[in-house]
Every structure is written in C-alpha cells, then in structure tokens.
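1. Have a look; sequence and predicted model below, questions after that.
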Amino acid sequence: MPGLLRGIARTAVVAGTATAVSNRVSRRQAGRWAQQEAPQEAPPAAAAPPPPPAPAAPPADDMTAKIDQLKQLSTLKDQGVLTEEEFAEQKRRLLG
C-alpha cells in the first residue's frame, strides 16, 4: 500500500507541475504576441502627416506668447516631431 500511495502522490505532483508550467508558457506567449501586435499598429499612426507645428503668430508686442511658442517648438523638436530645419524655419517665422 505505501508504494501505491507514493506513486499516486508522485503522479499528482508531476501533473500539478506540468499544469503550472503550461499556464506560465501560455501567459508568456500571449504577452509576446501582444507586444508584436502593438508595434504593427503604431506605424500607420506615425505615417500620418503631422499637424502644423506652429499656430498663427501672436501680435508682435506680446513677447510672453512668443516665448511660450518657442518652448512648444523646442519640445516638438526634442520629441522628434520637428526636424532641425523645420524648427529653424518656424523660429524664423515666429521671430519675424
């Protein structure tokens, strides 16, 4: 009888371990598939033309608004939305 119980216990341990490993592998694969699908969705959005980076220029006397717009342009350049040439062009337009 002890040999039979030992065999049953061993089978239960092996089956439980196999189930746990199988579940973990399934979760890991699902996570990898989700990561592979996410980058595929991003390029179509990135392929869309960016919106105009600078709004219409404020009145010439309002330096605070110009400084704020320069900060926004700089942020867009740092994020990679604007190239160096586009940033220089927008800055030249803003400062007149």
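-> Perfect, thanks for sending it.

2. Can you give me the neighbour number for residue 76?
-> 17 (other CB atoms under 10 Å). (Glycine included, C-beta is placed from N, CA and C.)

3. Can you report phi and psi for the closest residue to it other than its chain neighbours?
-> Closest residue to residue 76 apart from its sequence neighbours, by CB to CB, 6 or more residues apart in numbering: residue 82 at 4.6 Å. Per-residue torsions, residue 82: phi -110, psi 140 (degrees, to the nearest 10).

4. Now do the helix-or-strand element of the chain with minimal mean pLDDT: distance to the chain's middle.
-> The helix or strand of the chain with the lowest confidence, counting by mean pLDDT, DSSP states H and E, is helix 2-47 at a mean of 73. How far helix 2-47 lies from its chain's middle: 25 Å, per CA atoms, centre = their mean, to the nearest Å.

5. tell me the domain ranges of this structure?
-> With automatic domain parsing as the criterion, the domains of the chain are listed as 1-47, 49-96.

6. Could you look over the ones you listed and pick the most buried one?
-> domain 49-96 (a mean of 12; mean count of other CB atoms under 10 Å).
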